[in-house]
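Student: fold the following.
(2 chains)
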Amino acid sequence: MSVTNGVKRKHDESSKDEKHATKRQRLLPSRRALPIWKRASDIRQSLQQHNVLVLSGETGSGKSTQVPQFLLDCAWCRGKIAVTQPRRVAAISLARRVAEEMGTPCGSSSPASKVGYSVRFDESTSPSTRVKFLTEGMLLQEMLRDENMKEYSCIIVDEVHERSVNVDLILGFLKRLVQKRRSTKRPLKVVVMSATADVDSLTKFFESSNRGSAAVNDIHTSSDDIRKRSLDADESIDSADAVSRCYVEGRQYPVKLEYLGTPTDDLLEAALHRIFHIHCKEPMPGDILVFMTGQEAIQSLQKLAEEYAEGLTKEYPRILVLPLFAALPQSSQQRIFQPAPLNTRKVILSTNIAETSVTVPGVRFVVDTGKAKMKQFRNRLGLDSLLIKQISKSSADQRKGRAGREFPGQCYRLYTEDSYNKLENDNTPEILRCDMSEALLKMKARGIEDVMNFPFLTSPPREALEKALLQLLQLGALEEDGSISAIGRQLARLPLTPSLGRVIFEASRPERNCLPEVIDIASCLSVESIFLNVDTEEIREQAQIARGQLLRRQGDHLTLLAAVQAYAAERSDRRQWAERHLISHRAMQSVMDVRKQLTAQCRAANLLKGLTTQEASTAPDEGKQEQILKCFLRGFSGNVARLCPDHSYKTFVGNQTVAIHPSSVLFGRKLEAILYNEFVFTNKAYARGVSAIQVRWLEEVLEA
DNA sequence: GAGCACTGC
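Tutor: Numbering: from 1, shown residues only, chains lettered A, B, ... in the order given. Below is the predicted model:
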């Protein structure tokens, strides 16, 4: 029997191999037609001579799928190739595509698979993996665990122009790692891929020598290494240190551009006018994609457009208005992919989500309001502001390009050519807009002692770094001398902000003894809101009743705990439970994923012993409630406000006025003092994720 | 008395 099974298995495998091989052959012609194909030998040759290649290419050049395949059989490439992506879906779909092209199974489906991927909650690789697509966050985590990244011969950093903090950190780390491995038997090759033509700053970044300071800063080097390096520092830049560059044209359909003759102060009106001008004049088919700032504007325009459409005579095609933003339930988002009914034109009203994350099919016309909501962290106030800003030129061009993906298209900018010319060239890198404490902790965990002299592609202001250092010191993540503490080392590995991570640690202390509960709450606070938007009075009342048993008068933290415990206890139909309570099932599923991950990590770090999460899932008594809130106070001691005689809340630190956000269960309540998870400025300064606390708790928590 | 763009570990 075992013999026949063996024969059968062998037969299955060889037929699978055949299938893979045919597919590979079938895909070859389209690969050869890609603009990047004729640059293959250039690219191979330049990495033969140099360690770093800066590759710029517009959309459609094929760089993300082809470059890893070009490099795989180079003599220097004996290890793996990593390819980073900003988004999970991109990492997974690229891995599948490249596996097909190479004629190999994808990921963990077979031990012979040469191509895999690694994203949070989903690692799919095999012992034979040579090319691994992974999110930037995953590569960073690997870089914290393995200092030299020895298993990799090459790291390809894609979509660098998006300039996430993670990509900036990766580039800084890689610059040092290339130097470190350059004279070893296995030098590290780095390919930096970017859409914009701004290769100069990237080239300069990798070319400028940091060997002198690196020898001093790198605490992980032995004294031997340092001696060797100070010798190296005297050498002039040899050819391996030079950075080669390459430009590949893209493949896009042409897009005709039209500006407004005179500026408008009513963008909704202008958009409405433009939509119906296109609709009544342009032949079918051809959908319209409108870029707007946010949910509110989208819903207003949707209403206006639907009203207007009712007044159109029968001779015109019908119109289907579809909103698109991230907070929209998945099922509503899916509607943009379904074909419109007969004789109907789709009009998609979208946020920035359609600029990079979602590709809307069938679009011939783009209408661009030229604005977007952008987050900016104010170091001095410790507050995030989310304000409507003008987009950059590259963002405007990206939006325009969305009309030329499948056919020649048209783009209407609801601003003048003059105002386009005055826009910033590029988006502000995230590193200039965010709280630096998480990034700084990662740097410390990778052995960067002197963070002020870290090779940043763009340096954040000194104040941002100082604020972050202070914050980490206050959390106990750093020692007094600025070196990373044992706690800090563990926090850097947790998929949480340093503050939330610190809360987890606090909860594991025997006198607090509430880690499972705190994990539940921290999981909620680290994903999108679990409570569905309630936008009409009617639904709001409905939600009040439906969520009744879950709401806790102590505040949002304990309300979130009640929701997770009730959801976890639901064994029959969780989706239905979520619907009944007007809670997002999608968000709840990610909460459960995070909860599982955090529980496993706490177990591994020996913070969580014995008890299972299920056993702990009972409603906390008053004593435990106090312990839970005190843990949050340890991580968020800067996010505390007290009630003033004028009935407003003022922060303890900085004496800023802050209002409880309408989404909080404590909205409208007057309490001695509040603790909050987030301090956000939109129309005014709001506290989100709020709980009632007693002022005297602060001393106790901060003393320990 | 009134509301958060988008990613990611």
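Student: report pLDDT for the closest residue to DNA strand B within the stretch 601-704 of chain A.
Tutor: In the stretch 601-704 of chain A, the residue that lies nearest DNA strand B is A:Thr682 (3.1 Å; C-beta to the nearest atom of the strand). Every C-beta, even on glycine, is put in place using the N, C-alpha and C of the backbone. At A:Thr682, the model reports a pLDDT of 93.
Student: quick check: residues of the stretch 101-250 of chain A near DNA strand B?
Tutor: A:Val119, A:Arg120, A:Phe121, A:Thr135, A:Glu136, A:Gly137, A:Met138, A:Gln141, A:Ser164 (C-beta under 7 Å from any atom of the strand).
Student: quick one: which two of these are the most distant?
Tutor: A:Phe121 and A:Ser164 (19.2 Å; C-beta to C-beta).
Student: comparing these two, which residue is more hemmed in?
Tutor: A:Ser164 (20 against 11; other C-beta atoms under 10 Å).
Student: how far away is the more buried one from A:Glu136?
Tutor: Distance of A:Ser164 to A:Glu136, computed by C-beta to C-beta, to the nearest Å: 6 Å.
Student: and if you look at A:Leu177?
Tutor: Using C-beta to C-beta, we find A:Leu177 at a distance of 15 Å from A:Glu136.
Student: ok, A:Thr559 next?
Tutor: From A:Thr559 to A:Glu136 the distance is 33 Å (C-beta to C-beta).
Student: and if you look at A:Leu472?
Tutor: Taking C-beta to C-beta, one finds A:Leu472 at 22 Å from A:Glu136.
Student: repeat that for A:Ala403.
Tutor: 29 Å.
Student: ok, A:Gln48 next?
Tutor: 27 Å.
Student: so the two - more neighbours on which side?
Tutor: Higher neighbour count among A:Gln48 and A:Glu136: A:Glu136, with 24 against 12, using other C-beta under 10 Å.
Student: got the residues of the stretch 101-250 of chain A next to DNA strand B as JSON lines, with pLDDT and secondary structure columns?
Tutor: Formatted as JSON lines, these follow (pLDDT from 0 to 100; DSSP: H, G, I helix; E, B strand; the rest coil):
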{"residue": "A:Val119", "pLDDT": "95", "secondary structure": "strand"}
{"residue": "A:Arg120", "pLDDT": "95", "secondary structure": "coil"}
{"residue": "A:Phe121", "pLDDT": "93", "secondary structure": "coil"}
{"residue": "A:Thr135", "pLDDT": "97", "secondary structure": "strand"}
{"residue": "A:Glu136", "pLDDT": "97", "secondary structure": "helix"}
{"residue": "A:Gly137", "pLDDT": "96", "secondary structure": "helix"}
{"residue": "A:Met138", "pLDDT": "96", "secondary structure": "helix"}
{"residue": "A:Gln141", "pLDDT": "94", "secondary structure": "helix"}
{"residue": "A:Ser164", "pLDDT": "95", "secondary structure": "coil"}
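Student: residues contacting stretch A:140-148, please?
Tutor: A:134, A:149, A:166, A:169-170, A:173, A:177, A:180-181, A:220, A:442, A:445-447, A:492-493 (C-beta atoms under 8 Å, 6 or more residues apart in numbering).
Student: just the residues you listed: which are in helices?
Tutor: Counted as lying in helices by DSSP state H, out of these, are A:Asn166, A:Leu169, A:Ile170, A:Phe173, A:Leu177, A:Lys180, A:Arg181, A:Lys442, A:Ala445, A:Ala492, A:Arg493.
Student: what's the farthest-apart pair in those?
Tutor: A:Arg181 and A:Arg493 (23.5 Å).
Student: wouldn't A:Gly501 be in contact with A:Ala507 here?
Tutor: No - if you go by C-beta atoms under 8 Å, A:Gly501 and A:Ala507 don't touch, sitting 10.8 Å apart.
Student: hang on, the earlier thing: pick the one among the ones in helices among the contacts of stretch A:140-148 closest to DNA strand B.
Tutor: A:Asn166 (7.3 Å).
Student: pull the contacting residues for the nearest residue to the closest one once chain neighbours are set aside.
Tutor: If the residues on either side of it in the chain are set aside, A:Asn166 comes closest to A:Glu136, at 3.9 Å by C-beta to C-beta, 6 or more residues apart in numbering. Remark: with contacts taken as C-beta under 8 Å, 6+ apart, A:Glu136 is in contact with A:Thr84, A:Gln85, A:Pro86, A:Val157, A:Ser164, A:Asn166, A:Val167, A:Ile170.
Student: mind running it again at 10 Å?
Tutor: A:84-87, A:91, A:157-160, A:162, A:164-170 (C-beta atoms under 10 Å, 6 or more residues apart in numbering).
Student: flag the shaky bits of chain A, pLDDT-wise.
Tutor: A:1-13, A:197, A:210-239, A:535, A:610-616, A:704 (pLDDT under 70).
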